[in-house]
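S.K.: predicted model follows, preceded by the sequence.
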Amino acid sequence: MTRPTLNWRHVANGAGLVVILVLAGVVAHTTPNDEQQQAPLPVRGQVGETLSGRNIAATVDAVRVAESVEASNGWAGPTSGVWVVVDASVEANVTESNFGYARLKVGDVTYSASTRPDRATIAATGLSVGIPWTGPLMFELPRLLVSGDAARTAELQLAVDADPRADSMLVMPVDLSAIEIEKVVETGRPVWGAR
Amino acid sequence: MTSKPPVEHGPWRQRARGLYDKLPTKWLITGVSAALLGLSALLGGLDDVPTPPIPEFAPGDRYEALQFALQPERASLIDGFPEQGVMPDEGNRLLVVVATVENTWTDPLSIARGGSEPDSLAPVGIDIVGDSDAPSDIIVFDDGSTVATVQPNVPVKLAYVWEVPAGSLADGDELRVDLLDREFQGEATIYFGDRFSDFHVAGFVTFDVEDLGAGVGG
Amino acid sequence: MRRWFRRNRIGLLAVAVLLPATVGITFATQWTAYFGERASAPVSVVEGDTVDFGRAEWSLESSRRISASSAEGREFGLPPGSDLVVVSVRVSPELGDAETPGCIVTLDEHDGSTVTRTWGESATDPIDYTATEGTRSLCATDAVGPYTLESVFVVAGDAGDDLALALTVPGELPRYLSFRL
């Protein structure tokens, strides 16, 4: 055999290979996985601000925490934990829909707005386009969680569909540990109409 | 490579080698294997693996499943819950099993009812009126609401309601209720939620059924 | 280069024809079904016109819009910040053995030709509106003659003026009637 010669073509081949491998590595690492592809599109804001997504718009007025709730329809909220009461004003933006997703995320754990108060809460209510429903959302949480570390970075998530993937989701941070736990909280009747 | 001439052995060694060549190796292996199998069969090695017995829980014990912990309390027979609008058809009664359920998962849990398959409690050995063995209603004991969503780490006392024919159970009867569990497979990619598999009975409770004869308060 | 093109011209021609054809046919089979099941082809009707559609004749009789802050609005118990839109449509169904057409009605707010918001009928809304005498609130499948269909909507007060009543007759999809108010 003759001695192999090193010429520019070989070097170029080698360099080209390295470049392609590096590119492939970058692409493989940055390709969004299923969860990221289907994730809801967050619309972030603060409590008090009006947040508007594609199909939902809401304003959260206040967040209170109490050991028991006296709702407008007479329902008294018995629980072994505490109630986080969120007063909010929610409307649909495009078409009439059911308010299907109202959750409070504390650390890894998610809590959904209770429908036990029935008509005294706006959870699962039918949303009108352009005409908001103003009323309470009640979340049942264990007492220890509300005063723990994770409660400082709790998030309130509101969306139209019970399957919130790939659509707008309104996200608001709430510091639950900074809210004083009251003995009893009274909630108002859900009201339909602009405020 | 160099080759050596074959070593000359004595006559008996040659005969031994000849015998060795004639030996049917395959038959020998089969024979030895059969002998070993036979031996293990004699000693019980080929019997079925004994399945572990399903544990029994008493009312008041805490049963821990994958997504929840359940404490069964009692089972009763009643005529109906008129305030909640849960009334059986003519000739039927309601079997109510009261249990305290605590969600130990990280998402709110919806307890199966109506046409789905049961996911926590299933009574055994009695006719259940309806599409499936899942309870027809689940009532929160403290306020009578008919929602079945249990929030993480907040224990709730629930009344599981099944519709049964009137004569199927009587006061004092023993009722076995199976405690169900499942394994977590992963998050679903096509639909929103989690996937589970291996639905199985992980325990059972035996209640003495009490006939209460009227709607239990609440 | 040119010689390569010339030698392979038949193949290239085939690709040039078949590739778009394949793409077109694949898309067509999927998307015609999609658009065919949706109300995607509006038949525009202005006030005064009569249109023959789906075994009946339809014409826009009248429409009015009542604000929640007006006296009438307060009487009806309209929620603050909303308007009541009442649309009357005259329907003359073809009588015969078959059922007269039923319909689904929604109110669309337009921005040019695109629909920005949609409202459904206010059948279950908590307002005190009583329907006008002699009108029907739903399309009658058992009609014995012409009738007036009155549709009531509670819309947002800031809804623009470009509103249209979208009337869908199942069976006539993807075509539907769009009455410009």
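M.R.: On my side now, so go ahead.
S.K.: report the central residue of chain A.
M.R.: A centroid search over chain A (C-alpha atoms, centre = their mean) returns A:Gln157, at 2.2 Å, as the residue closest to the centre.
S.K.: how about the helices of chain A, start to end?
M.R.: Assigned by DSSP state H, the helices in chain A fall at A:8-30, A:34-38, A:143-147.
S.K.: and C:Trp4, that one's in a strand?
M.R.: No - secondary structure of C:Trp4 (DSSP: H, G, I helix; E, B strand; the rest coil): helix, not part of a strand.
S.K.: remind me which residues of chain B are low pLDDT?
M.R.: B:1-10, B:214-218 (pLDDT under 70).
S.K.: ok, then the element right after whichever helix in chain C runs longest?
M.R.: Criterion DSSP H: the longest helix present in chain C is helix C:9-36. Reading on from helix C:9-36 to the C-terminus, the next helix or strand found by DSSP states H and E is strand C:41-45.
S.K.: quick check: mean pLDDT across that next one?
M.R.: For strand C:41-45, mean pLDDT rounds to 87.
S.K.: and it, how far from the chain's centre?
M.R.: With C-alpha atoms, centre = their mean, to the nearest Å as the basis, strand C:41-45 stands 7 Å off its chain's centre.
S.K.: that strand: partners in the sheet, and parallel or antiparallel?
M.R.: strand C:175-180 (parallel) (DSSP bridges).
S.K.: can you check the pLDDT for C:Glu61?
M.R.: At C:Glu61, pLDDT is 90.
S.K.: and for A:Arg152, the neighbour number?
M.R.: Residue neighbour count, defined by other C-beta atoms under 10 Å in any protein chain shown, stands at 14 for A:Arg152. For the C-beta atoms, the positions are set from N, CA and C on the backbone; glycine is no exception.
S.K.: got it, and B:Ile29?
M.R.: Counted with other C-beta under 10 Å, B:Ile29 comes out at 10.
S.K.: B:Gln185 too?
M.R.: When counting by other C-beta under 10 Å, one arrives at 11 neighbours for B:Gln185.
S.K.: which ones are touching the nearest residue to A:Glu182 once chain neighbours are set aside?
M.R.: Excluding the flanking residues, the one nearest A:Glu182 by C-beta to C-beta, 6 or more residues apart in numbering or on different chains is A:Ala66, at 4.4 Å. Taking C-beta atoms under 8 Å, 6 or more residues apart in numbering or on different chains, we find A:Ala66 in contact with A:Val82, A:Trp83, A:Val85, A:Ile181, A:Glu182, A:Lys183, A:Val184, A:Val185.
S.K.: switch the cut-off to 6 Å
M.R.: Contacts here follow C-beta atoms under 6 Å, 6 or more residues apart in numbering or on different chains; on that basis A:Ala66 touches A:Trp83, A:Glu182, A:Val185.
S.K.: top of the residues you listed by number of neighbours, please.
M.R.: Counting neighbours by other C-beta under 10 Å, the top entry in those is A:Trp83, with 25 neighbours.
S.K.: residues in contact with B:Glu187?
M.R.: Per C-beta under 6 Å, 6+ apart, neighbours of B:Glu187: B:Asp194.
S.K.: for B:Pro108, see how far away it is.
M.R.: 16 Å (C-beta to C-beta, to the nearest Å).
S.K.: closest point of chain B to chain C, which residue?
M.R.: Nearest to chain C in chain B, going by C-beta to the nearest C-beta, is B:Ile190, at a distance of 18.8 Å.
S.K.: using the three-state scheme, assign that residue.
M.R.: Under three-state DSSP, B:Ile190 falls in the coil class.
S.K.: ok so B:Glu102 is a strand residue?
M.R.: Yes - the assignment for B:Glu102 by three-state DSSP puts it in a strand.
S.K.: is it in contact with B:Gln67, as I believe?
M.R.: No - using C-beta atoms under 6 Å, B:Glu102 is not in contact with B:Gln67, being 10.1 Å away.
S.K.: quick one: the strands in the chain?
M.R.: Picked chain A for this. Assigned by DSSP state E, the strands in chain A fall at A:41-44, A:50-52, A:56-70, A:82-92, A:97-98, A:101-106, A:109-112, A:126-127, A:133-141, A:154-159, A:168-174, A:181-186, A:191-192.
S.K.: my bad, the chain I had in mind was chain C
M.R.: C:41-45, C:50-52, C:56-67, C:82-93, C:104-111, C:114-120, C:135-136, C:147-156, C:163-168, C:175-180.
S.K.: and the contacts of the first one?
M.R.: This points to strand C:41-45. By C-beta under 6 Å, 6+ apart, strand C:41-45 touches C:Val51, C:Pro174, C:Arg175, C:Tyr176, C:Leu177, C:Ser178, C:Phe179.
S.K.: most neighbours of all the residues you listed, which one?
M.R.: The most crowded member of those, judged by other C-beta under 10 Å, is C:Phe179 (27 neighbours).
S.K.: could I get the strands of chain A as TSV with mean pLDDT?
M.R.: As requested, those are arranged in TSV below (pLDDT from 0 to 100):
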stretch	mean pLDDT
strand A:41-44	95
strand A:50-52	95
strand A:56-70	95
strand A:82-92	95
strand A:97-98	93
strand A:101-106	95
strand A:109-112	95
strand A:126-127	92
strand A:133-141	95
strand A:154-159	95
strand A:168-174	95
strand A:181-186	94
strand A:191-192	94
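S.K.: out of the ones you listed, flag the one nearest C:Ala164.
M.R.: Nearest to C:Ala164 among the strands of chain A is strand A:82-92 (19.2 Å), distances taken as C-beta to C-beta.
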